[in-house]
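A.B. asks: need a structure here:
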Amino acid sequence: MKNIIKMLAVSCSICCSFLSVSAYADQQAWSDYYQIERVDYPTEIDPQIGGVAAMQDGRIALAIHSGEIVIFDPKNNTWSTFAVGLHEPLGIVQESENTFVVMQKPELTRISDTNGDGKADSYRVLYDDFGMTGNYHEFAFGPAVDSKGNYYISLNVASNFAGVFEHIRGDYSDKCNPKSEMQKYHDKQKWIKGYRKQVTRMFSCAPYRGWIIKVTPDGQATPYSAGYRSPAGLHVDANDKLWTTDNQGDWIATSPLIQVNQGDFGGHPAGLNWLAGYKKAHKDIKPDDIKAKRKSPAGLFPQGELANSPTQPLTTSGHQAFGLPEGELLIGDMNTDHLLRFIPDDVGGNTQGTLIPFIAGEDLGIGNFRLDFDKNSNLWIGKIHLGWAGDEGLLKITRTNKPMFIVDQVSLVKDGFEISFNQPIASLPSNVAVTSHTYHYHKAYGSPKVDLKAVDVEVQKVKGKRNTIKISAKTLETDRLYTLDLGKFSDTAGRPLMGNVLRYTVNALK
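C.D. replies: Okay, the predicted model is just below:
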């Protein structure tokens, strides 16, 4: 374990940058609208939380890094241990009153209390037919569950900061560097200065690393979607749409949010080793070989500004009591001290939309890895760092019910953007600034902003639409991220706009 932590300190695990950034230079007073409570955590329980599930009876189940499932009862302020002996669990869902499904590093497991004594006595493998080379970066995330009870898990690719073990699980890809050479990584300095240079930055040498897998309730698995680097956040929304975040790195210019359908390719080529009929080795792939296959992200997180290592999305549907419109996603991040809202916008069957900074500040902190709403619409957040970047502990966020002023909807129109607000506005924002840019798609690690330019716009009210403005632009372009800064802007009651910088990813035009 000590060796693993040392490797995490010099490489990219869940995260992709050491930079910690804030939602705003002048963080707005989110404490007026939300109370953030750091839960008093017992010293004997590992404070690194890999999974959070708000249970049907109001208790909170946590999958923790040291390998236990513990249950917190907020009503009585008590803690109990439900299960032990797990291997790096990084996700949990409650399947029934006494059963959880947990994603461990080596398997998806159904864990049950069959005699009702509050302790797990049944551990059954639901799915473990995926490869493992022993590389420290081969994390396993999930599960997310749809309305039919199908589970979705995601499998990290490996990192060339290390190689592979002598004994691996699953076939070894003939498109990878020779296994005999990949095992010679234990002399770290020699590895870094020598053979590592011949290995792609990330690699998939064991089956289905870099894939999302669909698993039925009885354990039947389907390779669902390839092309991911470190897809730390999976979520199925109220419409049974599957979402994932990924982390910036090689082939991933800046962290994306992707709405995933079966057969989609997320953009990272390592996992193509396991696509039937695909013959080109990862090291020989060029951007033009795969660019047309790549699924356009629904949202992009500018690195160092909005998110460095986005984590789990969570739908707001059914939780209007939390103060947000239904149908949005909330998203955490490992390195930034804010949450994010994603407002989807369907344009001709294309899913795209707007990312807006949400609750922010030191009270929230960083390392916001797993999120869940309880039945009273309180938001619970589990934090983790894995010896690298992030934080520890459990947060409870409760709305104060004080009215706030936020963006309600952002819609792309033929010649610009329509923005609706949840409160009456007396006048137009006076200092609107809009820019657009794109990114390189290449095998290098990340990308700077490309072709960053100011966009000439006009701002006007929309007739017949309550509390809506239109930002008109002479031209709009696809495959670009538009940043709309509304400046300092208040409603008729003088409340400041909470989240005044909007980032809309344009994949398709009206």
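A.B. asks: how many neighbours does the residue nearest to residue 404 when sequence neighbours are not counted have?
C.D. replies: Closest residue in space to residue 404, ignoring its immediate chain neighbours: residue 33 at 4.6 Å, by C-beta to C-beta, 6 or more residues apart in numbering. Backbone N, C-alpha and C define where each C-beta goes, glycine included. Residue neighbour count, defined by other C-beta atoms under 10 Å, stands at 19 for residue 33.
A.B. asks: wait, what's in contact with residue 33?
C.D. replies: If you count contacts by C-beta atoms under 8 Å, 6 or more residues apart in numbering, residue 33 has them with 323, 399, 400, 402, 404, 498.
A.B. asks: please repeat the previous calculation with a cut-off of 6 Å.
C.D. replies: 400, 402, 404 (C-beta atoms under 6 Å, 6 or more residues apart in numbering).
A.B. asks: quick one: neighbours of the last one, just the number.
C.D. replies: This points to residue 404. Residue 404: 22 neighbours (other C-beta under 10 Å).
A.B. asks: ditto for the first one
C.D. replies: Residue crowding around residue 400 was assessed by other C-beta under 10 Å; the count is 12.
A.B. asks: now for it: which residues touch it?
C.D. replies: By C-beta under 6 Å, 6+ apart, the neighbours of residue 400 are 33, 35.
A.B. asks: now do the end-to-end distance for stretch 60-72.
C.D. replies: Length of stretch 60-72, first residue to last, C-alpha to C-alpha, to the nearest Å: 5 Å.
A.B. asks: repeat for stretch 270-279
C.D. replies: Stretch 270-279 has an end-to-end distance of 12 Å (criterion: C-alpha to C-alpha).
A.B. asks: can you tell me which residue is nearest the centre of the protein?
C.D. replies: residue 311 (2.9 Å; C-alpha atoms, centre = their mean).
A.B. asks: mind checking pLDDT for it?
C.D. replies: Note for residue 311: predicted pLDDT of 97.
A.B. asks: mean confidence for the helix or strand encompassing residue 437?
C.D. replies: Counting by DSSP states H and E, the element that carries residue 437 is strand 433-439. Mean pLDDT, computed over strand 433-439, is 98.
A.B. asks: now swap in stretch 503-510 and tell me
C.D. replies: Rounded mean pLDDT across stretch 503-510 is 97.
A.B. asks: buried ones in it, by neighbour count?
C.D. replies: 503, 504, 505, 506, 507, 508 (16 or more other C-beta atoms under 10 Å).
A.B. asks: quick one: the second one and residue 355 touch, right?
C.D. replies: No: at 8.1 Å, residue 504 and residue 355 do not qualify as touching, with contact defined as C-beta atoms under 6 Å.
A.B. asks: one step back: want to throw the contacts of residue 33 into CSV with secondary structure, distance to residue 459 and pLDDT?
C.D. replies: Output for those, formatted as CSV (DSSP: H, G, I helix; E, B strand; the rest coil; distance: C-beta to C-beta, whole Å; pLDDT from 0 to 100):
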residue, secondary structure, distance to residue 459, pLDDT
400, coil, 31, 95
402, coil, 28, 94
404, coil, 22, 96
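A.B. asks: got the residue ranges for the helices in the stretch 51-200 of the chain?
C.D. replies: In the stretch 51-200 of the chain, the segments counted as helices under DSSP state H, counting those that start in this stretch are 179-182, 188-193.
A.B. asks: out of those helices, which gets nearest to residue 164?
C.D. replies: helix 179-182 (4.6 Å; C-beta to C-beta).
A.B. asks: pull the residues that contact the closest one.
C.D. replies: 163, 164, 172, 195.
A.B. asks: now that helix: buried residues?
C.D. replies: Across helix 179-182, burial judged by 16+ other C-beta under 10 Å covers 179, 182.
A.B. asks: number the chain from 53, please
C.D. replies: Let's use 53 as the start, then, which means that last one is helix 231-234.
A.B. asks: check the offset of it from the chain's centre.
C.D. replies: Centroid separation for helix 231-234 versus its chain: 32 Å, with C-alpha atoms, centre = their mean, to the nearest Å.
A.B. asks: likewise stretch 357-370?
C.D. replies: Between the centre of stretch 357-370 and the centre of its host chain there is 6 Å, according to C-alpha atoms, centre = their mean.
A.B. asks: do stretch 455-464 as well
C.D. replies: Here stretch 455-464 is found 22 Å from its chain centre; the criterion is C-alpha atoms, centre = their mean.
A.B. asks: what's the answer for stretch 281-299, then?
C.D. replies: Counting by C-alpha atoms, centre = their mean, stretch 281-299 comes out at 7 Å from the chain centroid.
A.B. asks: try stretch 375-395
C.D. replies: With C-alpha atoms, centre = their mean as the basis, stretch 375-395 stands 10 Å off its chain's centre.
A.B. asks: repeat for stretch 173-191
C.D. replies: With C-alpha atoms, centre = their mean as the basis, stretch 173-191 stands 21 Å off its chain's centre.
A.B. asks: ok, residue 342 - contacts?
C.D. replies: By C-beta under 6 Å, 6+ apart, residue 342 lies in contact with residue 321.
A.B. asks: need the three-state assignment for it.
C.D. replies: What DSSP: H, G, I helix; E, B strand; the rest coil gives for residue 342 is helix.
A.B. asks: what does the model give it for pLDDT?
C.D. replies: Looking at residue 342, its pLDDT is 97.
A.B. asks: any idea what the closest residue to residue 189 other than its chain neighbours is bridged to?
C.D. replies: Take residue 189 and drop its neighbours on the chain: the residue closest to it by C-beta to C-beta, 6+ apart is residue 211, 3.8 Å away. Beta-bridge partners recorded for residue 211 (DSSP bridges): residue 254.
A.B. asks: roughly how far apart are residue 211 and residue 501?
C.D. replies: Relative to residue 501, residue 211 is positioned 26 Å away (C-beta to C-beta, to the nearest Å).
A.B. asks: more neighbours: these two, which one.
C.D. replies: residue 211 (25 against 18).
A.B. asks: okay, that one and residue 282: tell me how far apart.
C.D. replies: Here residue 211 is placed at a distance of 9 Å from residue 282 (C-beta to C-beta).
A.B. asks: could you say which helix or strand holds residue 383?
C.D. replies: Using DSSP H and E, residue 383 sits in strand 381-385.
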